[in-house]
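Engineer: sequence unknown, structure follows:
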């Protein structure tokens with residue numbers, strides 16, 4: 001659609017509807033990523049490592065703390081920052097009897113879920129190498145970054161196979177690096193590798209194992225809400241997210257940041273945490289904001305202010321079953 005120029009004071013309801021199909025958060029699809037501070041901090045660490053042409057860091061966080069969201073962000077951010085790099089997501093599944101055929105299936109599916117796979121192991125390995133080289137070698141100098149989701153499921157054997165494949169790429173002139181992402185089981189997986197004195201695997205994947213912290217207090221939640229009000233402006237529109245959903249209230253001075261206290265109380269109540277020791281992940285906050293903004297924007301007016309009832313409803317709509325107490 002042709003680009004529309006918004007007024008500097010923000011959208012009216014009519015203008016909002018005109019821009020609706022083009023605005024990035026109209027449906028909060030899986031491709032949309034809010035720039036949460038913890039996610040950007042980890043991404044900055046990955047970028048710093050790649051600046052020196054190395055990998056080997058892994059990141060640990062419970063479910064709903066944003067690992068998969070971070071990987072989606074990195075898949076786009078890495079080639080934007082380093083045009084010579086190809087970023088690929090792999091996901092390791094738990095298996096008592098891992099096979100190399102399944103491993104190369106994972107490698108190929110990371111490139112294209114629709115690829116027709118060869119049957120025999122040697123053919124599938126050759127297919128994987130050919131597919132990766134075809135995508136990487138046009139870049140100069142070619143470099144492949146493996147983003148391994150649920151790396152704790154791989155085990156030493158699968159990690160050895162990935163190391164071998166990375167070595168094949170090196171021999172073909174394609175440099176590479178790997179970063180791992182896992183849940184709390186990653187600690188035990190790294191311990192097994194260390195106890196087995198497999199230092200080559202530690203160096204390749206676990207040079208450092210860093211935690212992705214959750215949100216443990218209202219002030220941290222307030223900083224995230226501030227992103228929705230101020231920091232993340234869409235250059236093609238000039239509007240903040242909260243301004244897009246509540247144009248009249250925003251123009252009258254309303255800011256969602258001022259409601260972070262109500263939101264934190266609602267999350268505590270819904271989780272039954274009573275305000276003690278609760279830590280939530282960014283995925284929960286994303287769902288909370290999505291519900292609040294999409295469900296209540298129809299009530300937008302110059303006098304709009306969210307209430308505890310609104311935030312209670314939004315909090316109850318979130319999956320809080322995996323919160324840490």
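Structural biologist: Looks like it came in fine. In this text the structure is predicted, and so the values were computed from the model without any measurement. Residues are numbered from 1 along each chain as shown.
Engineer: quick one: the helices in the stretch 151-300 of the chain?
Structural biologist: 155-171, 185-195, 199-205, 218-226, 241-245, 247-251, 260-271, 282-296 (DSSP state H, counting those that start in this stretch).
Engineer: For the fourth one, give me every contacting residue.
Structural biologist: Residues external to helix 218-226 that are found in contact with it (Cβ atoms under 8 Å, 6 or more residues apart in numbering): 34, 36-37, 215, 256-257, 259-261, 263-264, 282, 285, 289. Just so you know, the C-beta spots here come from the backbone N, C-alpha and C atoms, and that holds for glycine as well.
Engineer: ok, now with 6 Å
Structural biologist: Contacts to helix 218-226, defined as Cβ atoms under 6 Å, 6 or more residues apart in numbering, come from residues 215, 256, 257, 260, 261, 264, 285.
Engineer: Could you identify the pair within those residues that is furthest apart?
Structural biologist: Spanning the widest gap among those are 215 and 256, at 15.5 Å by Cβ to Cβ.
Engineer: can you give me the strands for this protein?
Structural biologist: 57-60, 85-91, 143-149, 175-182, 208-211 (DSSP state E).
Engineer: Reformat those into CSV and put mean neighbour count and distance to residue 249 next to each item.
Structural biologist: Output for the strands of the chain, formatted as CSV (neighbours: other Cβ atoms under 10 Å; distance: least, Cβ to Cβ, whole Å):
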stretch, mean neighbour count, distance to residue 249
strand 57-60, 22, 37
strand 85-91, 20, 39
strand 143-149, 22, 39
strand 175-182, 23, 38
strand 208-211, 13, 37
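Engineer: Quick check: which of those strands is nearest to residue 239?
Structural biologist: Among the strands of the chain, if distance is taken as Cβ to Cβ, the winner is strand 85-91, at 29.5 Å.
Engineer: okay, the angle between that closest one and strand 143-149?
Structural biologist: Counting by axes from the mean of the first three to the mean of the last three Cα atoms, to 10 degrees, strand 85-91 lies at 20 degrees to strand 143-149.
Engineer: Strand partners (parallel or antiparallel) of strand 85-91?
Structural biologist: strand 143-149 (parallel) (DSSP bridges).
Engineer: mind checking how far the partner strand is from the chain centre?
Structural biologist: Centroid displacement of strand 143-149 relative to its chain, using Cα atoms, centre = their mean, to the nearest Å, is 14 Å.
Engineer: tell me the mean pLDDT for that strand?
Structural biologist: In this model, strand 143-149 carries a mean pLDDT of 96.
Engineer: Pull the residues that contact it.
Structural biologist: 71, 74, 78, 84-91, 136, 174-181.
Engineer: what inclination does it have with respect to strand 175-182?
Structural biologist: Going by the same axes, to 10 degrees, strand 143-149 makes 10 degrees with strand 175-182.
Engineer: circling back: what's the closest of the contacts of helix 218-226 to residue 131?
Structural biologist: residue 285 (37.3 Å).
Engineer: Can you get me a residue count around the closest one?
Structural biologist: For residue 285, the number of neighbouring residues by other Cβ atoms under 10 Å comes to 24.
Engineer: Please determine how far it is located from residue 220.
Structural biologist: As judged by Cβ to Cβ, to the nearest Å, residue 285 and residue 220 stand 10 Å apart.
Engineer: What residues of stretch 195-215 count as buried?
Structural biologist: 198, 201, 202, 204, 205, 206, 209, 212, 214, 215 (16 or more other Cβ atoms under 10 Å).
Engineer: between the residues you listed, which is closest to residue 112?
Structural biologist: The closest of the buried residues of stretch 195-215 to residue 112 turns out to be residue 205 (Cβ to Cβ; 24.3 Å).
Engineer: How about the contacts made by the closest one?
Structural biologist: Per Cβ under 6 Å, 6+ apart, neighbours of residue 205: 178, 180.
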